[in-house]
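Visitor: Kindly generate the corresponding structure for this input.
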Amino acid sequence: MNTKLYNMLKSDIEARKCKALLTLHLMDEKSVGIGDHSTDDFYNNAKDAISELATANDELDALNQYVEEGIS
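Guide: Have a look, this model is predicted:
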């Protein structure tokens, strides 16, 4: 795989992973800053963040497998 393509894909995945981790951290540690959100909003945001984290982890694993195995 082209190094520039790999770096772009990896950076995008890692950015989404960091965003999900930050969201979960803020919801856990700084929930007072969330404001006028309902309980449903809070739960849905938490579920969305954990889903994005899982997706990013899966995509990173797939990308690394693709590069290691030379899948084309």
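
Visitor: alpha carbons only for contacts and neighbour counts from here, please
Guide: Will do.

Visitor: ok, now which ones touch the most centrally placed residue in the chain?
Guide: Centroid-nearest residue in the chain, with Cα atoms, centre = their mean: Lys17, separated by 2.6 Å. Lys17 is in contact with Glu52, Leu53, Ala56, Asn57, counting by Cα atoms under 8 Å, 6 or more residues apart in numbering.

Visitor: How about the secondary structure of it?
Guide: helix (DSSP: H, G, I helix; E, B strand; the rest coil).

Visitor: so where's the protein shaky on pLDDT?
Guide: Confidence mapping of the chain against pLDDT under 70 gives the ranges 31-37, 71-72.

Visitor: Mind doing that once more with 90?
Guide: 1-2, 26-45, 68-72 (pLDDT under 90).

Visitor: What's the biggest helix in it, counting residues?
Guide: helix 39-69 (DSSP state H).

Visitor: Enumerate every residue touching the spatially closest residue to Arg16 that is not a sequence neighbour.
Guide: The shortest distance from Arg16 to any non-neighbouring residue, by Cα to Cα, 6 or more residues apart in numbering, is to Ala56 (6.6 Å). The neighbourhood of Ala56, defined by Cα under 8 Å, 6+ apart, consists of Ile13, Glu14, Arg16, Lys17.

Visitor: Quickly find the element holding the second one.
Guide: Looking back up the chat, that one is Glu14. Secondary structure from DSSP states H and E places Glu14 in helix 3-29.

Visitor: burial of Ile50, as a residue count?
Guide: 17 (other Cα atoms under 10 Å).
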